[in-house]
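K.L.:
sequence plus the predicted model coming up.
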Amino acid sequence: MHAAIAGAGLIGRLMAWRLLRAGWRVSLFERDPEGTDSAAAYTAAGMLAPWAEVESAEALVHRLGLRSLALWPVLAAELGADLDLHARGTVVVAHAGDRADYRRFAGTLAAKLPGPQHWRTLDAAALCALEPELAGRFQEGLHLPGEAWLNPLAVMAALGEALRSGGVRWHRGAAVDAVGPGYLVSGGTRHRCDWAFDCRGLGARADVPRLRGVRGEVIWLHAPAVKLRHVVRLMHPRYRLYLVPRRDHGFVIGATQIESDDTGPITVRSSLELLSAVYSLHDGFAEARVIETRANCRPAFDDNLPRVFTAPGLVRINGLFRHGFLLAPALAEAVADWLVEPATSPCPELFAPESPVMELQS
């Protein structure tokens, strides 16, 4: 079987990897030239947080997230790569003025996830024992021990190398003009295949109704004076700020979620809010160095849930919103299973039985 995949972002690469391992011949089309990285995956922080996302996401996101959490170590072993994957969990804290939001967050988790708790409450002493860097700064917190994180740059590089060495035919600088049942058009050339996969994100908006862009911004810091060992989520009046550790005292800070298609540089307002918040979390960030700032747009539908549109010879995967690394492995697995036996798909609610192009025509 021959697959032509439009889009070499995270879901496109994971889909290519799945099919390659299943014995398919794969052609991958990427609009970016060699050495560029405009895909939304390169702006992600790489959090694998199915419990923390329960506050604002549907049950499907939690379920797919749990599956992806189990799949990432398997993928790392398959790729034979160090993905900078850590499973020490997430710590949630709030300043005194934001404790109402913090308690609302905890209450939402308890309401949406009844039964055995997958988190524990921390008083000041327990918080200090778990994360000494936060000692004396907060009086209470939550620990979500099952959550994890990885380095998106390492993931994208490892997938790229594995696909190239596995024989994928990679078309770089090849913008895709159209994707349809059994074909893909790039640069005026029609490429035939058994199955075409549209993984272009916002690049597929002309073919996917109701798709919108949601802007996200991150700042990469180097902070030798900070030794935080967990992902930290800080309650904030406007959003949930997150801080993700990297090696060698590196950190990624983000949280912004703006209804906009703008992919321009980070704004002054966002920079001030993010940096002020991280300094309030730990004063060791006062002398941290700003290594890089990035902004990008994530594809999303109105309900912020992913979709898989299908027709004979065609699959469109889109709408991962800000949950790319949390959802993509499980989505790729679900699509691969569906290709083998549609009736046994573990997530039938993901699949729409007709192409969105058909919806537009009707």
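P.N.:
Structure received.
K.L.:
what separates stretch 324-343 from the chain centre, distance-wise?
P.N.:
15 Å (Cα atoms, centre = their mean, to the nearest Å).
K.L.:
no, scratch that, I was asking about stretch 48-58
P.N.:
12 Å.
K.L.:
is residue 305 in a helix, a strand, or coil?
P.N.:
Following DSSP: H, G, I helix; E, B strand; the rest coil, residue 305 is assigned to coil.
K.L.:
tell me how far it lies from residue 3.
P.N.:
Going from residue 305 to residue 3 by Cβ to Cβ, to the nearest Å gives 25 Å. C-beta: built from backbone N, CA, C; applies to glycine.
K.L.:
so which of the two has more stuff around it?
P.N.:
Using other Cβ atoms under 10 Å as the criterion, residue 305 and residue 3 rank with residue 3 on top: 24 against 19.
K.L.:
which helices and strands does whatever helix or strand that one lives in pack with?
P.N.:
Following DSSP states H and E, the helix or strand that holds residue 3 is strand 2-6. Strand 2-6 sits against helix 10-21, strand 25-30, strand 183-186, strand 195-198, with contacts defined as 3 or more Cβ pairs under 8 Å, 6 or more residues apart in numbering; DSSP states H and E.
K.L.:
recalculate using a threshold of 6 Å.
P.N.:
helix 10-21, strand 25-30, strand 195-198 (3 or more Cβ pairs under 6 Å, 6 or more residues apart in numbering; DSSP states H and E).
K.L.:
so what touches whichever helix in the chain runs longest?
P.N.:
Looking across the chain with DSSP state H, the single longest helix is helix 59-79. Outside helix 59-79, the residues that touch it by Cβ atoms under 6 Å, 6 or more residues apart in numbering are 48, 50, 53-54, 83, 85, 158, 162, 323, 326-327, 329-330.
K.L.:
farthest pair within those residues?
P.N.:
Based on Cβ to Cβ, the longest span within these runs between 54 and 162 and measures 32.2 Å.
K.L.:
from the middle of its chain, how far away would the strand holding residue 3 be?
P.N.:
Strand 2-6 sits 22 Å away from the centroid of its parent chain (Cα atoms, centre = their mean).
K.L.:
check stretch 74-87 too.
P.N.:
With Cα atoms, centre = their mean, you get 16 Å for stretch 74-87.
K.L.:
over to stretch 213-224?
P.N.:
Relative to the mean C-alpha coordinate of its chain, stretch 213-224 is positioned 14 Å out (Cα atoms, centre = their mean).
K.L.:
what does stretch 150-164 give?
P.N.:
14 Å.
K.L.:
for it, which positions count as buried?
P.N.:
For stretch 150-164, a neighbour-count test (16 or more other Cβ atoms under 10 Å) marks 150, 151, 152, 153, 154, 155, 156, 158, 159, 160, 162, 163 as buried.
K.L.:
which residues touch the third one?
P.N.:
By that I understand residue 152. Counting by Cβ under 6 Å, 6+ apart, residue 152 touches 41, 44, 46.
K.L.:
cool, the second one as well?
P.N.:
When the contact criterion is Cβ under 6 Å, 6+ apart, the partners of residue 151 are 46, 84.
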